[in-house]
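Student: any chance you could fold what I've pasted below:
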Amino acid sequence: MLRSNMSRRGLLGLGLAAGGGILLPRVSLADATSLPLTPVCADGDEPTPAQTEGPYFTPNSPERTNFIIDGIDGERISLVGFALDRQCRPIPNALLDLWHANDSGEYDNQGYRLRGHQFTDAAGRFAFETIVPGLYPGRTRHFHVKVQAPGGDILTTQLYFPGEAGNDRDGIFNSALLLDLQPADAGQIGRFDFVLDRT
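Tutor: A predicted model of the protein is given here:
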């Protein structure tokens, strides 16, 4: 049910559900509309914190939204959200480059499995269909992301999973980078809105 004091970011969230084309085949409209509203996005919000890219980044990833190809096993997850400026306005055509480990905690360092990029749509939305990354020694479960507004600086960061035992032991874990996870028909939906240092 809509609330009269809905935030601008909340309204954007409803746009994600109503936008149709950005949602992935395995994400039902009912799943998307059940996502809770994200925290209020106020003008002048702090940008999303940057984090190290780590040793496994590979440039020139293919443009794609679906990482599920032959031989990719693991729990499905749809990673969705918006790129926003510091006034909470959507950023169209922002570049998002995503890479992560497979369900065994291994990265493809020879090719582009579980790697790819896309551009946000006219409403600043993005959606990747992939799997939940596996664990490997020394790190908690995470995604790596680079986000860049057209003509802007690159934000390099990581996204984390709530409730992971390894979060407290991971030296670079930041709770500001937690995904909002919700169950979906086939797997999960992970929501995160990136705020870029752009006014």
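Student: wouldn't residue 98 be in contact with residue 131 here?
Tutor: No: Residue 98 lies out of contact with residue 131 (C-beta atoms under 8 Å); the separation is 11.8 Å. C-beta: built from backbone N, CA, C; applies to glycine.
Student: show me which of the two is the more surrounded one.
Tutor: residue 98 (23 against 19; other C-beta atoms under 10 Å).
Student: that one: what's it in contact with?
Tutor: Residues counted as contacts of residue 98 (C-beta atoms under 8 Å, 6 or more residues apart in numbering) are 67, 79, 115-117, 128, 130, 143-145.
Student: ok so, going back, identify the contacts common to residue 98 and residue 131.
Tutor: residue 67.
Student: is residue 176 located within a strand, as I assumed?
Tutor: No: assigned with DSSP: H, G, I helix; E, B strand; the rest coil, residue 176 falls outside any strand and is helix.
Student: and it, how far is that from residue 158?
Tutor: 11 Å (C-beta to C-beta, to the nearest Å).
Student: please apply the same query to residue 119.
Tutor: For residue 119, the distance to residue 158 - C-beta to C-beta - is 21 Å.
Student: out of these two, which sits in the busier spot?
Tutor: Per other C-beta under 10 Å, whichever of residue 119 and residue 158 has more neighbours is residue 158, with 22 against 14.
Student: please name the bridge partners of that one.
Tutor: For residue 158, the beta-bridge assignment (DSSP bridges) gives partners residue 144.
Student: and the pLDDT for it?
Tutor: pLDDT, residue 158: 98.
Student: quick check: residue 65 touching residue 116?
Tutor: Yes: applying C-beta under 8 Å, one finds residue 65 in contact with residue 116, separated by 7.4 Å.
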